[in-house]
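Student: I need the structure of the sequence given here:
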Amino acid sequence: MNIVFSIILSVLFTHESGSTGVGNLNERHQAMYLVNLVRNIDWDQEKVMIGVVGESPVTAELETLVKRNPRISIKVLENLSSVTEYQVVYLPDASNSSFFTTQQEIGDAPVLLVVDKRELVARGAEMGFYTEDGKLKIAMNQGAIELTGIKVSHALMEKAALN
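Tutor: Numbering: from 1, shown residues only. All right, here's what the predicted structure looks like:
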């Protein structure tokens with residue numbers, strides 16, 4: 001499984017954007033990253049739930065990717081009242097205020113908060129997407145991940161920029 005993950009990440013890291021439809025491709029890549037994050041983390045439970053805060057085009061991509069995977073479920077979170085019931089929470093279009101509100105709701109729960117801005121990873125999110133030289137990349141806050149108690153594979157850590 002790590003070989004497949006490495007191949008997918010290699011394709012994602014080497015993709016050059018700049019053509020029409022990059023937004024859709026970027027959303028597909030974000031969805032692929034999220035699904036592969038789930039696959040490369042040692043979860044204590046059999047079913048992993050990904051909550052997407054608010055409406056996002058990434059949600060449709062996620063639902064397509066996990067259609068035949070009964071281990072992963074996707075749900076759009078209209079509010080944050082049940083955010084600690086999820087193993088992964090994705091906060092697309094994150095602003096500072098939405099990030100801090102979500103972070104406060106999660107508290108000390110073992111939830112992996114994934115954002116779409118690298119600077120929010122430096123402020124405490126466990127993982128985040130960013131674009132560099134037209135390529136989608138992922139940043140990881142190793143200290144924040146360790147505080148959650150979530151065990152991330154070494155293969156994933158090697159592919160991510162560490163903050």
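Student: report the longest helix in this protein, please.
Tutor: helix 22-39 (DSSP state H).
Student: hmm, who's touching the helix or strand just after it?
Tutor: Sequence-wise, the next helix or strand downstream of helix 22-39 (DSSP states H and E) is strand 41-42. The contact list for strand 41-42, computed with CB atoms under 8 Å, 6 or more residues apart in numbering, reads 112, 150-153, 156. Every residue, glycine included, has its C-beta placed from N, CA and C.
Student: Buried ones from these, can you make that a ChimeraX selection?
Tutor: Of those, the buried ones go into a single ChimeraX selection, burial set by 16 or more other CB atoms under 10 Å:
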select :112,150,152,153,156
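Student: phi, psi of Glu55?
Tutor: phi -80, psi 140 (degrees, to the nearest 10).
Student: where's the spatially closest residue to Ala94 that is not a sequence neighbour relative to Leu77, distance?
Tutor: Once flanking residues are discounted, Ala94 sits nearest to Val115: 4.5 Å by CB to CB, 6 or more residues apart in numbering. Going from Val115 to Leu77 by CB to CB, to the nearest Å gives 14 Å.
Student: For these two, indicate the residue with more neighbours.
Tutor: Val115 (28 against 20; other CB atoms under 10 Å).
Student: From Asp42, how far out is that one?
Tutor: For Val115, the distance to Asp42 - CB to CB - is 22 Å.
Student: ditto for Glu146
Tutor: Distance of Glu146 to Asp42, given as CB to CB: 14 Å.
Student: Kindly report the same for Asn69.
Tutor: Taken as CB to CB, the span from Asn69 to Asp42 is 17 Å.
Student: for Val58, same thing?
Tutor: From Val58 over to Asp42 (counting by CB to CB), the distance is 24 Å.
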